[in-house]
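Novice: the following block contains a protein sequence and its predicted model.
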Amino acid sequence: MTSSHQPTPPFQTPDTRSGLSNRHRRVLARWLYAVTGVSLIPFAVLQIVSGHVILAGAELVASVLLFTGYLRVARSPHLQRWIYGYLIPLFIFFNVIIIVPEASISASVWVLMMPVLSYLLLGKREGMILCLPFMVAGSIGYLYFLENIDSARSVIDFLNLVVGGTLMLLFIHVYEQRREEAEQRLINLAQTDSLTGLANRNRFQELLARTIAESQRSNSPYALVVLDLDRFKQVNDTFGHEAGDRLLKLVGQTLIERLRGTDTVGRLGGEEFGLLLRDVSCDDTTQLIEQVRERIADTQLRYRGQDISVTASFGIAHSSRDGHQADALFRTADRRLYQGKRGGRNVVESHDEPSNDELTTTPPRTRKGTDV
Ligand SMILES: Nc1nc2c(ncn2[C@@H]2O[C@H](COP(=O)(O)OP(=O)(O)OP(=O)(O)O)[C@@H](O)[C@H]2O)c(=O)[nH]1
């Protein structure tokens, strides 16, 4: 089970693709469906008045479809499809109204709306992939439309659209990039222990909940291990807080180096760490943690000419024996950890202390490790 892989970074972006949360994307998509559906009605009436009955019919059909979308988007699990289902026909429509013979020269302004809508609803990557071809097509269509107009003015109009569109796209792209970076920094801060760089308690608990859900689906075993450094107060008292901090970092590093990439290491607070081991049997967990215990005990911090070492006590809770309730698993691992502390420290405890009744019928269990 030895591996040099780093455990999976604890950081996670929210469940959305753009700067808006999925809830807000849904609200925006609904508004767009509704507003577009309503706006088509006066256009359809004007088409009827102008004698364009087929066009009016098409606009009314589109309006009905948009209202259906408005109702369906509220609950649909396929929000992304509904967004594409809105944006693609809309962008096609924008391009068509630029090239129809009776088009107004102002129809081209809709090209500038493309990056705004697609970045807001789809995020940076998908937003750019969707809007760029439509913007290029819109500009080419506009060039085609301008052919009939006096050449110097045509070039200026065309350049206005191309430069304006490019600037709009660039601005939104850079804005979205900076926003994503800032969001990622905030997420990292909220999920990370600043001293060790490990997952903090909140993040660790989230990952435990996720591991429980995934493992129940795939029926794979997992272990929760809580470890606490022994007599760490003495380290602080003897060598100072800075030495204590460095030792905490070194222990975190030692844990990361020993565990698999799919495992999680977190600092639960103070001198207490949590380990989440996936796809591991009960016996393998005990063996692995025994090696981790030895490795921590062998690790030395060189600080101002002195070697500082520390030991740790471990409590193990395993899904196969201790169930799938996060709170109960934590309580079990904690209970075993403090049982180990009471029993002399520098130990791995994977079972509860036998009760008095059991003691009379079974020989005492061998404790692993030695006191310091
Ligand atoms: N340097 C440093 N010390 C910390 C940090 N967080 C907690 N501590 C110290 O860790 C020590 C924990 O002390 P105790 O709770 O008495 O536990 P202990 O000395 O490890 O004893 P046992 O757990 O019983 O083996 C305290 O002195 C805390 O100040 C930290 O971030 N940095």
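Specialist: Cool, got the structure. Residues are numbered from 1 along each chain as shown.
Novice: contacts only, for residue 320.
Specialist: 221, 281-282 (CB atoms under 8 Å, 6 or more residues apart in numbering). The C-beta positions use only the backbone N, C-alpha and C, and glycine is treated the same way.
Novice: count the residues that sit near the closest residue to the ligand within the stretch 151-300 of the chain.
Specialist: Of all residues in the stretch 151-300 of the chain, residue 244 sits closest to the ligand, at 2.6 Å by CB to the nearest ligand atom. Applying other CB atoms under 10 Å, we find 24 residues neighbouring residue 244.
Novice: can you check residue 146 too?
Specialist: Neighbours around residue 146, by other CB under 10 Å: 20.
Novice: surely it is in contact with residue 157?
Specialist: Yes - here residue 146 reaches residue 157: they are 6.0 Å apart, a contact under CB atoms under 8 Å.
Novice: do you know how far the closest residue to residue 98 other than its chain neighbours is from residue 80?
Specialist: Nearest non-adjacent residue to residue 98, counting by CB to CB, 6 or more residues apart in numbering: residue 141, 4.5 Å away. The gap separating residue 141 from residue 80 is 27 Å, by CB to CB, to the nearest Å.
Novice: the two: which has the busier surroundings?
Specialist: More neighbours surround residue 141 than the other of residue 141 and residue 80, with 21 against 16 (other CB under 10 Å).
Novice: bridging residues for residue 229?
Specialist: Taking DSSP bridges as the rule, residue 229 bridges to residue 312.
Novice: tally of neighbours for it?
Specialist: 21.
Novice: make JSON lines out of the contacts of residue 320 and add pLDDT, neighbour count and distance to the ligand.
Specialist: Output for the contacts of residue 320, formatted as JSON lines (pLDDT from 0 to 100; neighbours: other CB atoms under 10 Å; distance: CB to the nearest ligand atom, whole Å):
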{"residue": "221", "pLDDT": "95", "neighbour count": "17", "distance to the ligand": "29"}
{"residue": "281", "pLDDT": "95", "neighbour count": "12", "distance to the ligand": "29"}
{"residue": "282", "pLDDT": "94", "neighbour count": "17", "distance to the ligand": "25"}
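Novice: surely residue 350 touches residue 282?
Specialist: Yes - using CB under 8 Å, residue 350 is in contact with residue 282, at 7.2 Å.
Novice: what touches both of the two?
Specialist: Contacts common to residue 350 and residue 282, judged by CB under 8 Å, 6+ apart, are residue 318.
Novice: C-terminal to the helix or strand where residue 242 lies, what's the next element?
Specialist: Following DSSP states H and E, one finds residue 242 within helix 241-258. On the C-terminal side of helix 241-258, the closest following helix or strand by DSSP H and E is strand 264-269.
Novice: so for that following strand, what's the average pLDDT?
Specialist: Across strand 264-269, the average pLDDT comes to 96.
Novice: over to stretch 97-109?
Specialist: In this model, stretch 97-109 carries a mean pLDDT of 77.
Novice: can you name the residues in contact with it?
Specialist: 94, 110-111, 138, 141-142, 144-145, 157, 161.
Novice: give me the distance between the two termini of it.
Specialist: Criterion CA to CA, to the nearest Å; first-to-last residue distance in stretch 97-109 is 11 Å.
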